[in-house]
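Undergrad: Structure of the sequence below:
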Amino acid sequence: MPSSEEAVTAMRNASEQPSPVDARSGAEGTRIDLDDVGRYFTVGDTVVKALDAVNLHTDN
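TA: The predicted model follows:
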């Protein structure tokens with residue numbers, strides 16, 4: 001099992017990857033795309049995943 005420091009480093013590296021391109025980007029109206037959203041907390045030596053690779057897509 002990775003240490004909490006290794007887990008945080010892996011999360012930072014993952015967040016530096018480019019976002020996927022959405023073919024619907026030319027559509028009119030408001031669109032919100034959240035891809036692979038994660039929120040992690042370190043509590044002592046444990047990493048708590050509040051959100052892990054969550055995707056949200058919404059149109060107006």
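Undergrad: quick one: low-confidence parts of this protein?
TA: Applying pLDDT under 70 to the chain picks out residues 1-4, 7-29.
Undergrad: So which residues of the protein form strands?
TA: Using DSSP state E, the strands of the chain run over 31-43, 46-59.
Undergrad: Next one: the nearest residue to residue 58 once chain neighbours are set aside from residue 56, what distance?
TA: Nearest-residue entry for residue 58: residue 32, 4.8 Å, with adjacent residues in sequence omitted and distances by Cβ to Cβ, 6 or more residues apart in numbering. Using the backbone N, CA and C atoms, a C-beta is placed for each residue, glycine as well. Look at residue 32 and residue 56: by Cβ to Cβ, to the nearest Å, they are 7 Å apart.
Undergrad: Tell me how many other residues surround the spatially closest residue to residue 53 that is not a sequence neighbour.
TA: Distances taken as Cβ to Cβ, 6+ apart place residue 36 nearest to residue 53, at 5.0 Å, with adjacent residues excluded. For residue 36, the neighbour count with other Cβ atoms under 10 Å is 14.
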